[in-house]
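Q: Pasting the sequence and the predicted model now:
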Amino acid sequence: MHIIASFVIVYGASLLLPLWVAVVTAAVIGLGKEGYDYITKKGTAEWHDLICDGIGILMAVGLILLLTI
């Protein structure tokens with residue numbers, strides 16, 4: 001789920017914003033979600049989720065760069 005969400009955030013945001021802003025936005029959202037889970041204990045904060053966020057971000061960046069060649 002984190003891979004898909006991060007991919008969609010980067011790809012969607014990159015349609016309106018520079019790619020680096022889209023990447024930072026997705027990273028901040030992912031970190032914020034894990035921070036929220038950790039502080040509130042309403043979810044489980046996991047490193048695995050952050051790794052999956054990173055994978056989704058990299059996949060979106062890769063696709064965007066391939067499409068702009």
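A: Good, I have the coordinates. Note that this is a predicted model, so its numbers are computed, not measured.

Q: Can you give me the distance of the closest residue to His2 other than its chain neighbours to Thr68?
A: Counting by C-beta to C-beta, 6 or more residues apart in numbering, His2 lies nearest to Cys52, which is 3.7 Å off, once chain neighbours are set aside. To be clear about C-beta, it is placed using only N, CA and C from the backbone, and glycine gets the same treatment. In this structure, Cys52 and Thr68 are 25 Å apart, going by C-beta to C-beta, to the nearest Å.

Q: between these two, who's got more neighbours?
A: The neighbour comparison of Cys52 against Thr68 (other C-beta atoms under 10 Å) goes to Cys52, with 18 against 7.

Q: helix or strand for the more buried one, which one?
A: Under the assignment given by DSSP states H and E, the secondary-structure element containing Cys52 is helix 47-67.

Q: and for stretch 20-31, what are the contacting residues?
A: Stretch 20-31 is contacted from outside by 2, 5-6, 9-14, 17, 49-50, 53-54, 56-57, 60-61, using C-beta atoms under 8 Å, 6 or more residues apart in numbering.

Q: same question for that stretch, mean pLDDT?
A: In this model, stretch 20-31 carries a mean pLDDT of 98.

Q: Okay, buried residues for it please.
A: Applying a neighbour-count criterion of 16 or more other C-beta atoms under 10 Å, the buried positions in stretch 20-31 are Ala22, Val23, Thr25, Ala26, Ala27, Gly30.
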